[in-house]
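# Predicted model and sequence follow; I will ask about them next.
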Amino acid sequence: MLYFAYCRIMLTTNFHPTGRHFLQIPGPSPVPERVLRAMSLPTIDHRGPEFGALGLKVLADVQKIFQTRHPVMIYPASGTGAWEAALSNTLSPGDHVLMYETGHFAFLWHRLATRLGLMAEVLAMPGVEDGVPTSWRRGVQAELIEQRLKADTGHAIKAVCVVHNETSTGATSNIAAVRKAIDAARHPALLLVDTISGLAGADYRHDDWGVDVSISGSQKGLMLPPGMSFNALSPKAIEASKSAKLPRSFWAWDEIIEMNKTGYWPYTPNTNLMYGLSEAADMILGQGLDAVLARHQRWAAGVRAAVNAWGLPIQCADAGVYSPILTGVMTPVGVDADAVRKIIYERFDCSLGTGLGKIKGRMFRIGHLGDSNDLTLIGTVAACEMGLKLAGVKLAGSGVQAIMDYYAGHPAALALRKAA
Ligand SMILES: *Cc1c(COP(=O)(O)O)cnc(C)c1O
């Protein structure tokens with residue numbers, strides 16, 4: 001209700017809060033000015049000569065970001081579309097797929113697979129911890145996948161689907177270990193990985209890790225607005241697409257691969273998002289992927305120091321797989337996390353991620369990705385600390401002090417500025 005009232009005030013009196021809105025949800029992430037400016041250039045003919053050059057450039061850029069030598073599809077669609085593309089290009093009606101439930105996004109992908117007519121089996125760790133499914137507090141347990149595949153002696157399972165960075169919980173998964181598990185079981189299943197929120201924030205290597213289809217989106221680590229998504233392919237996935245029988249037309253890889261050779265698409269691509277992609281890739285690759293990943297790790301460690309100082313549990317219960325992209329903060333039993341978020345939004349103009357699905361009301365998510373810096377994250381933690389106190393949560397100590405101490409004590413590897 002309040003939200004709609006707020007929109008009406010904005011529309012009728014042109015009310016606009018001063019300063020920057022803190023968009024600290026784990027996607028869409030803040031879009032750098034430089035990218036917004038690049039996107040404001042005039043739209044060009046998508047069959048003209050300049051477009052072919054742009055197309056070839058962005059296709060080469062995204063290959064570097066996925067760390068692959070093989071084709072990458074770029075779709076004018078949100079990440080969900082690229083999920084559907086990955087399944088519909090490689091599988092046939094009724095095919096058995098194994099999906100690991102790390103959280104809400106894994107659950108949604110499973111629902112999509114079922115709707116497409118696949119026989120989707122869910123694998124998860126049993127149990128509940130602090131009212132949250134155990135499986136929603138950890139990454140993929142590769143040994144469970146290995147056991148399940150070893151039992152599938154008839155090779156009925158055609159694909160294993162896992163989420164690399166589970167945006168609903170703040171846990172990453174060890175994709176190289178999943179590849180090893182599939183190989184150890186000597187199983188021919190394809191490996192499909194959702195790295196929609198992982199790419200360009202957490203370490204990701206499509207070729208080295210033997211992934212068959214990697215799925216990603218524009219609005220998270222790539223620092224673009226929503227509306228563009230990706231499939232990175234392996235030769236085995238391309239081979240599987242030749243006999244896969246699920247219906248597909250818009251998503252079909254073969255026509256796109258053919259036209260991409262000269263930098264074009266079979267339909268009208270989202271030209272202005274391509275300008276943005278070109279600019280964002282220049283920023284990411286110009287700084288170097290290693291530096292981008294180190295920046296995210298450092299930010300995440302500072303935010304976790306704050307949550308620890310508050311004495312609140314971090315949702316990810318395995319320190320080995322903490323997400324560099326977001327941190328899930330669990331509120332004490334009896335405190336509605338969405339009520340805390342509402343105070344922080346209304347009083348301090350800061351958006352945080354809500355608890356999704358099975359953990360609604362139990363936690364909120366702090367995004368620390370993309371176009372952030374130390375001070376925006378300290379400001380975000382300050383907004384959280386004020387909101388938690390206003391909601392009546394007893395905090396053990398100051399998270400603001402802890403994050404300041406962390407960043408001051410751990411200088412970034414690259415100096416941000418050099419004084420004259
Ligand atoms: C954001 C996200 C999605 C959904 O992508 P849309 O662009 O909203 O369709 C799927 N999986 C993960 C892990 C995500 O973070």
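Received, thanks.

# ok, which stretches of the stretch 151-300 of the chain are strands?
Secondary structure of the stretch 151-300 of the chain (DSSP state E, counting those that start in this stretch): strands located at 157-163, 165-166, 171-172, 190-194, 213-217, 229-233.

# As TSV, the ones you listed with distance to residue 383 and mean neighbour count would be great.
In this view, the C-beta of every residue, glycine as well, is placed from N, C-alpha and C. Below are these laid out as TSV (distance: least, CB to CB, whole Å; neighbours: other CB atoms under 10 Å):
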stretch	distance to residue 383	mean neighbour count
strand 157-163	28	25
strand 165-166	24	32
strand 171-172	24	28
strand 190-194	29	25
strand 213-217	26	30
strand 229-233	30	26
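
# and residue 69, which of the ones you listed is closest to it?
strand 229-233 (10.3 Å; CB to CB).

# What helices and strands are in contact with that closest one?
helix 49-66, strand 72-75, helix 79-90, strand 213-217 (3 or more CB pairs under 8 Å, 6 or more residues apart in numbering; DSSP states H and E).

# tell me what the last one is packed against?
Here strand 213-217 touches helix 79-90, strand 190-194, strand 229-233, going by 3+ CB pairs under 8 Å, 6+ apart.

# that older thread, out of the helices and strands packed on strand 229-233, which one sits most buried?
Comparing the helices and strands packed on strand 229-233 by mean neighbour count (mean count of other CB atoms under 10 Å), strand 213-217 ranks first with a mean of 30.

# Other residues contacting that strand?
Strand 213-217 has contacts (CB atoms under 8 Å, 6 or more residues apart in numbering) with 27, 66, 68, 78-79, 82-83, 85-86, 89-90, 190-199, 204, 206, 222, 226, 228-234, 237.

# Which residue is the nearest non-sequential neighbour of residue 201?
residue 221 (3.5 Å; CB to CB, 6 or more residues apart in numbering).

# wait, residue 170
Residue 170's closest residue in space is residue 328 (CB to CB, 6+ apart), at 3.9 Å.

# so that neighbour is in which element?
Per DSSP states H and E: residue 328 is located in strand 326-330.

# Toward the C-terminus, what is the element adjacent to that strand?
helix 337-348.

# Read off the pLDDT value for residue 7.
If you check residue 7, the pLDDT there is 57.

# one step back: can you lay out the strands of the stretch 151-300 of the chain as JSON lines showing mean pLDDT and distance to the ligand?
JSON lines is the format used below for the strands of the stretch 151-300 of the chain (pLDDT from 0 to 100; distance: least, CB to the nearest ligand atom, whole Å):
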{"stretch": "strand 157-163", "mean pLDDT": "98", "distance to the ligand": "5"}
{"stretch": "strand 165-166", "mean pLDDT": "98", "distance to the ligand": "6"}
{"stretch": "strand 171-172", "mean pLDDT": "98", "distance to the ligand": "11"}
{"stretch": "strand 190-194", "mean pLDDT": "98", "distance to the ligand": "5"}
{"stretch": "strand 213-217", "mean pLDDT": "98", "distance to the ligand": "4"}
{"stretch": "strand 229-233", "mean pLDDT": "99", "distance to the ligand": "6"}
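
# just so I know, which of those lies nearest residue 149?
Closest to residue 149 of the strands of the stretch 151-300 of the chain is strand 157-163 (CB to CB; 6.6 Å).

# so what does that closest one touch, helix or strand wise?
Contact here means 3+ CB pairs under 8 Å, 6+ apart; on that basis strand 157-163 packs against helix 79-90, strand 96-100, helix 104-115, helix 142-151, helix 175-184, strand 190-194.

# angle of the fifth one against strand 213-217?
The reference is to helix 175-184. Relative orientation of helix 175-184 versus strand 213-217 (axes from the mean of the first three to the mean of the last three CA atoms, to 10 degrees): 160 degrees.
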